[in-house]
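>>> give me the fold of what follows.
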Amino acid sequence: MRSYLGRSFVKGPRVFILAVGLAACGSEAGSPTAPSPDPISPGDETALLDSTFRIDIQSIDVAIDLFPGERRAQAQASVRFRMRPGQTRPLVHLEPARLPGAAVELRLDGEALDVARASDVKLVTFAGSPQVALELQRDVPASGTHRLEAAYAVPMTDGFGRFFTDVNDLAGRGNEALFPTLNTPHELAHHVITLRVHAGEPYVLVGSGKATRRGTGDVQEWVLDSEREVASYTMMFFLVPARDATVSERRIQGVDVRVLAALGGPTAEDAFAQLDPWLAELQGALGPFPMPRGLSVALTAAGGGMEYYGGTITSLGALRHEVFHMYYGCSTLARTYRDSWWDEAINVWYEVSRNPAFAAIGEDFRSDIVSGRSPIGVGFDRRAYDEGARVVQAVARDLGGRDPTVAFLRELHGARSFDPFTTLDLAEEIRARRGVDERERFLRWLYTGGATASAAPSPWEWLHQVDTTPPEAVRRLYAR
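Sure, this is the predicted structure:
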């Protein structure tokens, strides 16, 4: 096999998927654990997360080389990590390693591992989860920092020369198609992503964190640096030929905003006009904008959107929703995917609670919004949008109304940013900060399934239906 280690190489655009883990490890995924009215204890949950994810990632460095004319990409990644308590055999999520015939090279602390050899690397699944992980068949010291290097190739599949992240937290899809990682909200790491385009045609980019343009000419290079530890699935970039899109920049309400707008689609001015009053409102309600490098927006012509750390790929219709997530969802983080109901619920509640007639959840409501999912599963319950927002409305009623609740959310965001917490931690924050005990109601509403649990589609689900189809004006360019 040709070696790419020591050289940069890449992953393809329209993201594949890699899995994460769950409780008991095995060669086949087990049946999901039956919902229980009793939540898993904090101690048990910690042990479950440690035994499932095994490693604690400190940093992820990725170099991705794109060859648009050949519709291929090559990548090289380096992951620094420590073992979690009691764990000795590391695992990681990397989708390209699961593709048939994929040319993937791995090195663990300098030792080459063959992904095709079961004595080196094993694919494992976990009871209660559809996800798959690569278990490295080496026992490493519990102390010290270790390094995993990966080299892999994935064909570009977009068809328009574009390359972009394709995360969907509703489905539980992260960035494991792009680089070795752990797809779980509580795993925070420093990310540096280098993107190189080998083409004479100019490209433009927006993305998460600090973006530095380096290369020019036939090798155009950008470096995205998160500058702090963030969840891997919140790292975003959108790279596109300059003839197809423009990037406009403006300082709005003290926030540096960059908008990538495709030819023939919604314009940057459309986005700026919406963001001006919205950023003013959010900062007044929830505090200073939490993203140190401002906001990057890749505008789509239709569909919903997806929030990322300091960025979003979104339509105009979903823009306000995704920017709210900069506060709840990208900086105030759930500990597990099943706890992610509350960032969606809070987001929807903030909008719909402007209507004083918006009804709180009933005391007789029962659901398994939280307990119906394993703490190590991916995605969250779609009922987060509707029933979840009504749960927040019930809490707001107890806190004295909308304004006191928004004040609480501002305080909570300021105190718990980048400090992931669970649903019952949220109940404790409400009790500790406002003296209102919601724990028993949370247990009934979110951990105990019942006939009132609705499986009907939510009218808010469209928000996560990202449509990256380019506008007709761009499609015509490639039809010639």
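
>>> which helix or strand in the chain has the lowest average pLDDT?
Least confident helix or strand of the chain, by mean pLDDT, DSSP states H and E, is strand 25-26 with a mean of 37.

>>> state whether residue 193 is indeed within a helix.
No. Using DSSP: H, G, I helix; E, B strand; the rest coil, the assignment for residue 193 is strand, not a helix.

>>> that one touches residue 235, doesn't it?
Yes. At 6.6 Å, residue 193 counts as touching residue 235 under the criterion of CB atoms under 8 Å. Backbone N, C-alpha and C define where each C-beta goes, glycine included.

>>> gap between the nearest residue to residue 468 once chain neighbours are set aside and residue 265?
Among residues not flanking residue 468 along the chain, residue 300 sits closest, at 5.7 Å (CB to CB, 6 or more residues apart in numbering). Applying CB to CB, to the nearest Å, the value for residue 300 to residue 265 is 7 Å.

>>> quick one: which of these two has more around it?
Counted by other CB atoms under 10 Å, residue 300 and residue 265 do not tie: residue 300 has more neighbours, with 28 against 21.

>>> now the more buried one. Its backbone dihedrals?
Backbone torsions for residue 300, taken as degrees, to the nearest 10, come to phi -110, psi 160.

>>> same deal with the one 4 residues further on?
Per-residue torsions, residue 304: phi -100, psi -130 (degrees, to the nearest 10).

>>> so what sits against both of residue 193 and residue 235?
207, 224 (CB atoms under 8 Å, 6 or more residues apart in numbering).

>>> after the helix or strand that contains residue 260, which helix or strand is next?
Here residue 260, judged by DSSP states H and E, is contained in strand 255-262. Counting by DSSP H and E, the next helix or strand C-terminal to strand 255-262 is helix 268-286.

>>> quick one: distance of the following helix or strand past that following helix to the chain centre.
With elements assigned by DSSP H and E, the helix or strand that comes after helix 268-286 is strand 295-299. Chain-centre distance of strand 295-299: 15 Å, with CA atoms, centre = their mean, to the nearest Å.

>>> show the average pLDDT along strand 295-299.
When pLDDT is averaged over strand 295-299, the result is 98.

>>> so residue 79 bridges to which residues?
On the basis of DSSP bridges, residue 79 is bridged to residue 60, residue 148.

>>> where does it land on pLDDT?
With respect to pLDDT, residue 79 scores 98.

>>> in this structure it contacts residue 59, no?
Yes. Contact criterion CB under 8 Å: residue 79 and residue 59 qualify, at 7.3 Å.

>>> and those two? Which one has more around it.
Higher neighbour count among residue 79 and residue 59: residue 79, with 25 against 16, using other CB under 10 Å.

>>> which residues does that one contact?
Per CB under 8 Å, 6+ apart, neighbours of residue 79: 57, 59-61, 92, 147-150, 179-181.

>>> repeat that for 6 Å
Contacts of residue 79 were listed using CB atoms under 6 Å, 6 or more residues apart in numbering, and they are 60, 148, 180.
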